[in-house]
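In: One predicted model, sequence on top.
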Amino acid sequence: MLDLIGNGLIDVMTVWNIVLMFAGVFIGIVFGAIPGLSTDLAVILFLPLTFNLDILPGILLLLGVYCGGTYGGSITAILIGTPGTNVAMATVFDGYPLAQKGKAQKALSMALFASTIGGLISSLLLLFVAPYISTFVMRVGPPEYFCLAIFGLSIIAGVSGNSLLKGIIMGCFGFFVSCIGVDSASGATRFTFNNVFMMKGLGMLPIMLGVFALPNIFNQIYSKGYKKVFSSQNLLDSKVDLTKEEKKECMPTIMKSTVIGSIIGAIPGAGAGIAAFMAYNEARRTSKKQNEFGTGILEGVAAPEAANNAVTGCSLIPLFTLGIPGSVVAALLIGAFTMQGLTPGPMLFKTQAPLMYAIMVGMVICNIFMFVQGKYLSRFFAKISVVPQPLLFTGLSLFCVAGAFSFSNHIFNVYVLLVFGVIMFLLQRIGFPGAPFVLGIVLGPLAESNLKNSLVMSNGSWLIFLQRPVSIVILLITIFFTAYSVMKTRQIKKVGAAEGLDESDLED
């Protein structure tokens, strides 16, 4: 393992890779710091840029965006009381009061300090834990892989918002869309309506742009979010920075929150928003200054920021070891791998071990770059919120169209983008979430192919899934995690309701 890590470090430390990681982190922080945008949107918008890149530089760019975006939301959460991303909602509770007290610099420094520690520990866990899990998973066959796909679909319970039924419907819709095209087993065409462009199936990138990017833009226009003007009266004073004593005092909270975030991150579908709220409430419960939470206390900034950044690395563990996306960003990364002809999962550790270790080492380096940029560019990021919104969303719309067209250099994919963008916008207006739809698209082919192979092995008997110990264990875990996700999501929503938050604010 040490040799592979060393080789991975050598592969990552090229000028081109360093430039892309640094740029990715910068882009992520910018998107995270602009209210109305999100980390998911940043990743999907820059996914088309990976077409013309090798797999390693492309993935490193997206990981930089992921890490930077998760941290970036804390900047405007502290300075103007409006989080750039939903995962920074809990940071507002104490971050904004600190800024109002003239301690904005302290709050930002604590957010950066906690985010870096949480992100680094999470990335190291990914680096040292994922290979061992993949070694075990490689010993299983099609029945176990089918059960793993079902387990992946159970993530829907954790990303369905306030209605599990609507989430299941959207998951089935995504599963249906994944079936469009030519069946690899029989050669029969399915749901193509005699359209030659649909015979290859609908492109994942145009669909994802339509599901995540366009509805976000449409929502801002519909709610007149583009007319919002953000301004900060909280000036940054570099002379009022964190002291060693303050860092030392918050370290127990940071480490405990990192553990919470890492565990939640490894649970598919839980999300960084839930991790942040759980860590915040645990910090408040065990603190000697319980009564000061909500009035402006550094522990109240450290806890959610350590937790939500600790989710980043561990959320990739299910993706790299099982081929199952543990978060929306992980699902988008599947698209990046697929477009390069690779399928995420345990076999990559066997066939592409140097690549996987280089990616995981790159995740660690991205967190280091995040700290450097947060420390020296904080004044620039603090001004991000004043970007003219009409100009911003016009540019994003053009970016979406260009990205969809570049997928195959044909206008058909632009039509796919627009159709799914409008459909998803309308569905989201009546409470249907987009994340389960993407999970259905991603996991549909995995479930279908392994189901066919399993039934061939058993001569058509479905009992094969109950005759193999590993399959039974996975199915039992699926039931447990489904119940756990539903229970925890409801619990966190109750906490959010007590804090006066909307349910959508708790979603990752």
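Out: Perfect, I can see it now. Numbering: from 1, shown residues only.
In: Tell me which residue is most central in the chain.
Out: Taking Cα atoms, centre = their mean, the centroid of the chain lies closest to V329, which sits 3.2 Å from it.
In: Could you pull up the residues touching it?
Out: Residues near V329 by Cβ atoms under 8 Å, 6 or more residues apart in numbering: T39, D40, V43, Y66, S315. In this view, the C-beta of every residue, glycine as well, is placed from N, C-alpha and C.
In: Ranking by neighbours, what's the top pick from the residues you listed?
Out: The most neighbours of any of the contacts of V329, using other Cβ atoms under 10 Å, belong to S315, which has 32 neighbours.
In: I figured F420 hits L205, correct?
Out: No: look at F420 against L205 with Cβ atoms under 8 Å: they stay out of range, at 11.2 Å.
In: of the contacts of V329, closest to F193?
Out: For these, the residue nearest F193 by Cβ to Cβ is D40; the value is 30.6 Å.
In: Give me the below-cutoff pLDDT ranges for the stretch 51-200 of the chain.
Out: 84, 136-140, 155-164, 184-185 (pLDDT under 70).
In: Could you pull out the strands in it for me?
Out: For the stretch 51-200 of the chain, the strands defined by DSSP state E, counting those that start in this stretch occupy 181-182, 189-190.
In: lowest average confidence, helix or strand, in the chain?
Out: Least confident element among the helices and strands of the chain, by mean pLDDT, DSSP states H and E: helix 469-498 (a mean of 71).
In: Tell me how many other residues crowd I464.
Out: Neighbour count of I464, defined by other Cβ under 10 Å: 18.
In: err, L98, not the other one
Out: L98 sits with 24 neighbouring residues when counted by other Cβ under 10 Å.
In: picking that back up, looking at the strands of the stretch 51-200 of the chain, which is closest to F380?
Out: Checking the strands of the stretch 51-200 of the chain against F380 by Cβ to Cβ gives strand 181-182 as the closest, at 45.9 Å.
In: and the gap between E282 and E299?
Out: Applying Cβ to Cβ, to the nearest Å, the value for E282 to E299 is 11 Å.
In: of all the strands of the stretch 51-200 of the chain, which lies closest to V259?
Out: In terms of Cβ to Cβ, the element of those nearest to V259 is strand 181-182, at 43.8 Å.
In: hang on, the earlier thing: for E282 and E299, indicate the residue with more neighbours.
Out: Neighbours were counted for E282 and for E299 using other Cβ under 10 Å; E299 has more, 25 against 17.
In: if I pick the more buried one, what's in contact with it?
Out: By Cβ under 8 Å, 6+ apart, E299 lies in contact with D94, E249, C250, T253, A283, S287, K289, F293.
In: could you redo the last one with a cut-off of 10 Å?
Out: 94, 110, 114, 246, 249-250, 252-254, 257, 280, 283-284, 286-289, 292-293 (Cβ atoms under 10 Å, 6 or more residues apart in numbering).
In: Generate a PyMOL selection restricted to the buried subset of the residues you listed.
Out: A single PyMOL command selects the buried members of the contacts of E299 (16 or more other Cβ atoms under 10 Å):
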select buried, resi 94+110+114+246+250+253+254+257+280+283+284+287+292+293
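In: Can you flag which of the contacts of E299 belong to helices?
Out: In this view, the contacts of E299 that belong to helices under DSSP state H are 94, 110, 114, 246, 249-250, 252-254, 257, 280, 283-284, 286.
In: how would you label the nearest residue to I169 once chain neighbours are set aside: helix, strand or coil?
Out: In space, and not counting its chain neighbours, I169 is closest to F432: 6.9 Å by Cβ to Cβ, 6 or more residues apart in numbering. Recorded secondary structure, F432: coil (DSSP: H, G, I helix; E, B strand; the rest coil).
In: if I look at F432, how far off is L417?
Out: Going from F432 to L417 by Cβ to Cβ gives 19 Å.
In: just S109 next, same as before
Out: Distance, S109 to L417, using Cβ to Cβ: 41 Å.
In: Equivalent analysis for A331, please.
Out: 17 Å.
In: Touching, T343 and G335? I think so.
Out: No: assessed by Cβ atoms under 10 Å, T343 is found out of contact with G335, at 11.6 Å.
In: which one of those two has more residues nearby?
Out: Taking other Cβ under 10 Å, T343 and G335 do not tie; G335 has more neighbours (23 against 13).
In: Quick check: buried residues in the helix or strand hosting the more buried one?
Out: With secondary structure defined by DSSP states H and E, G335 is part of helix 328-339. Neighbour-count burial for helix 328-339, counted by 16+ other Cβ under 10 Å, picks out V328, V329, A330, A331, L332, L333, I334, G335, A336, F337, M339.
In: so what's F399 up against?
Out: By Cβ under 10 Å, 6+ apart, the residues touching F399 are I44, L45, F46, P48, L49, L209, A213.
In: My guess is G294 contacts L98. True?
Out: No: if you go by Cβ under 10 Å, G294 and L98 don't touch, sitting 11.1 Å apart.
In: which stretches of the stretch 301-450 of the chain have low pLDDT?
Out: Across the stretch 301-450 of the chain (using pLDDT under 70), the flagged ranges come out as 326, 384-389.
In: All the strands of it, residue numbers only.
Out: Going by DSSP E, counting those that start in this stretch, the stretch 301-450 of the chain shows no strands.
In: Tell me where it has helices.
Out: 317-322, 328-339, 347-351, 353-376, 378-382, 389-406, 412-429, 435-457 (DSSP state H, counting those that start in this stretch).
In: Of all these, which one is nearest I477?
Out: Comparison of these against I477 by Cβ to Cβ identifies helix 317-322 as nearest, at 11.3 Å.
In: Flag every buried residue along the closest one.
Out: By neighbour count on 16+ other Cβ under 10 Å, the buried set for helix 317-322 is I317, P318, L319, F320, T321, L322.
In: Can you tell me which of those lies closest to I359?
Out: F320 (8.1 Å).
In: hmm, back to that, just say which of the helices of the stretch 301-450 of the chain is most tucked in.
Out: Greatest average neighbour count among these goes to helix 317-322 (a mean of 25), per mean count of other Cβ atoms under 10 Å.
In: Tabulate the CA atom coordinates of it in CSV.
Out: Written as CSV, here are the backbone C-alpha positions of helix 317-322 (Å, rounded to 0.1, in the frame of the first residue of the first chain):
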residue,chain,number,x,y,z
ILE,A,317,-16.0,5.2,0.1
PRO,A,318,-19.2,3.5,-1.1
LEU,A,319,-18.5,4.8,-4.7
PHE,A,320,-14.9,3.5,-4.8
THR,A,321,-15.6,0.2,-3.0
LEU,A,322,-19.1,-0.8,-4.1
